[in-house]
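> Let me see the structure of the following:
(one chain, ligands or ions: 1)
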Amino acid sequence: MTQSASKPAPQTFHVKSFGCQMNVYDGERMTELLSARGMTPAAEGADADLVVLNTCHIREKAAEKVYSDIGRLRREDGSRPMIAVAGCVAQAEGPEITRRTKSVDIVVGPQAYHRLPGLIDDVMAGRDAVDTDMPADSKFDVLPGRARRSGTSAFLTVQEGCDKFCTYCVVPYTRGAEVSRPWRAILDEARALVDGGAREITLLGQNVNAWTGEDDKGRLQGLDGLIRALDALPDLARIRYTTSHPNDMTQGLIDAHAEVGKLMPYLHLPVQAGSDRILKAMNRSHTRESYLRVIERVRSARPDIALSGDFIVGFPGETESEFEETLSILRESAYAAAFSFKYSPRPGTPAADMADQIAAEVMDERLQRLQAEIINHQIAFNQASVGKRTTILLERKGRQPGQLVGKSPWLQSVHVEAGDARIGELIEVDLVSAGPNSLGGVIVSRQAA
Ligand code: SF4
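A predicted model of the protein is given here:
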């Protein structure tokens, strides 16, 4: 990025978020921030004066997608909107972005996006606008209050950053050290979301179950204490949290799954690999056995819980038999859903410099085998749900006229002929059919079961 001529004030904006739910949350907060400045959201980047690309750096392709998106923003007459690159690619590759393209006006990291209005002013004044600080002031103290209308299901970031330093992961470098937001700020934000119409809140953090803080009486609390406090919000129906680390699954949190009615029976608990040697090389700080013991304790507290996990195939040095240990932990864990990725070396992480990087075709073949198993587990889990009577939270329109899609307690999408039912309602349904990714339901009652 070079010092450029001053630019007119943008009136409209479009925020496009890639990657994880935390980025979705950050995108919502940026939308609120720019709206508070008097700017109007545009449905498409092509119609906006300012486009914010809120990026993800976890995988190589995600970063490459950003560059192709920047190219696509050029209009037929050769003009382009003001472009801001935010998120983890901005944090990790600020100088690289400005070297690769002259089309970016603003680079802003995930801990500095509350400064976006000032950076827009810098561009308008012809100054450079790069901010990848990890500022001491918390963005949460500066961001405006939550928008008055929330969606039915809302995200709420309670924790950011990570101290675990898995050897393949950029998060400790792009999001910084583990920080928990204060108890009161979280409860106030939750209240605002519920007042705005949210029926379900998903607590977010890179290591959400490492959240800790003092309650209003100065008592030290963990995530389970926060969940119990949220349980007391009368109009809130459902609580979820993600993403958790196996080592931070405290007994208190496991007990909350047995005792807190609003806490949904779903847990995303990444394991990444099934071989102890690979887990050690990944610096996961848990073993196959300790992971399996955690899920055993969770299942004994909440027998109907649906588990999901993350897997990386082709970590440097992974042998065929070590990969088979990944397949076997997948079978043993009986996940309801799982997410799998090929290892992708991230510059600056220890694993990127490890010997024995795995050939692309070997990774492709292993990924296909793993995904075939995952689909089988998803189908089995969904088919086992058929015949159950349960409550779904209606969240969006379906593809067919008159159809709405809701979420089961186990995070499955359920399609129903909605009749008079409306988005935001909790309704009782019979689950009558199942596919790999969704279920069909028939409404029994417009009251929750
Ligand atoms: S626990 Fe590991 S994978 Fe998860 S954010 Fe931290 S370093 Fe990354």
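
> C-alpha from now on. contacts and neighbour counts both.
OK.

> Give me the neighbour count for the nearest residue to residue 55 once chain neighbours are set aside.
Using C-alpha to C-alpha, 6 or more residues apart in numbering and skipping the chain neighbours, the partner closest in space to residue 55 is residue 87 (4.6 Å). Residue 87 has 31 neighbours, counted by other C-alpha atoms under 10 Å.

> got it, and the one 3 residues further on?
One way to gauge burial is a neighbour count; for residue 90, by other C-alpha under 10 Å, it gives 29.

> Can you mark which positions in the strand or helix carrying it are buried?
Assigned by DSSP states H and E, residue 90 falls within helix 87-100. Neighbour-count burial for helix 87-100 flags 87, 88, 89, 90, 91, 92, 93, 94, 97, 98 (criterion: 16 or more other C-alpha atoms under 10 Å).

> out of those, who's near the ligand?
With C-alpha under 6 Å from any ligand atom as the criterion, those include none near the ligand.

> Closest one of those to the ligand?
The shortest approach to the ligand among those belongs to residue 88, at 12.2 Å (C-alpha to the nearest ligand atom).

> Next, find the distance separating that closest one from residue 141.
21 Å (C-alpha to C-alpha, to the nearest Å).

> What separation is there between residue 108 and the ligand?
Per C-alpha to the nearest ligand atom, to the nearest Å, residue 108 is found 20 Å from the ligand.

> tell me, how many neighbours does that residue end up with?
For residue 108, using other C-alpha under 10 Å, the count is 27.

> One more: residue 281?
Around residue 281 there are 20 other residues, counting by other C-alpha under 10 Å.

> Same question for the one 3 residues further on.
Burial of residue 284, expressed as a neighbour count using other C-alpha under 10 Å, amounts to 21.

> do the same with residue 121
Neighbours of residue 121 (other C-alpha under 10 Å): 17.

> Name the helix or strand for residue 285, please.
Residue 285 is part of no helix or strand, with elements assigned from DSSP H and E.

> Just the C-alphas of the lowest-mean-pLDDT helix or strand in the chain, formatted as CSV.
Scoring the helices and strands of the chain by mean pLDDT, DSSP states H and E places helix 60-72 at the bottom, with a mean of 80. Taking C-alpha atoms only, helix 60-72 is exported to CSV below (Å, rounded to 0.1, in the frame of the first residue of the first chain):
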residue,chain,number,x,y,z
GLU,A,60,-4.0,-21.8,2.5
LYS,A,61,-7.0,-21.8,0.2
ALA,A,62,-8.9,-19.4,2.5
ALA,A,63,-6.0,-16.9,2.2
GLU,A,64,-5.9,-17.4,-1.6
LYS,A,65,-9.7,-16.8,-1.8
VAL,A,66,-9.1,-13.4,-0.4
TYR,A,67,-6.8,-12.4,-3.2
SER,A,68,-9.3,-13.6,-5.8
ASP,A,69,-12.1,-11.7,-4.1
ILE,A,70,-10.0,-8.5,-4.2
GLY,A,71,-9.6,-9.0,-7.9
ARG,A,72,-13.3,-9.5,-8.4
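
> Alright, that wraps it up for me.
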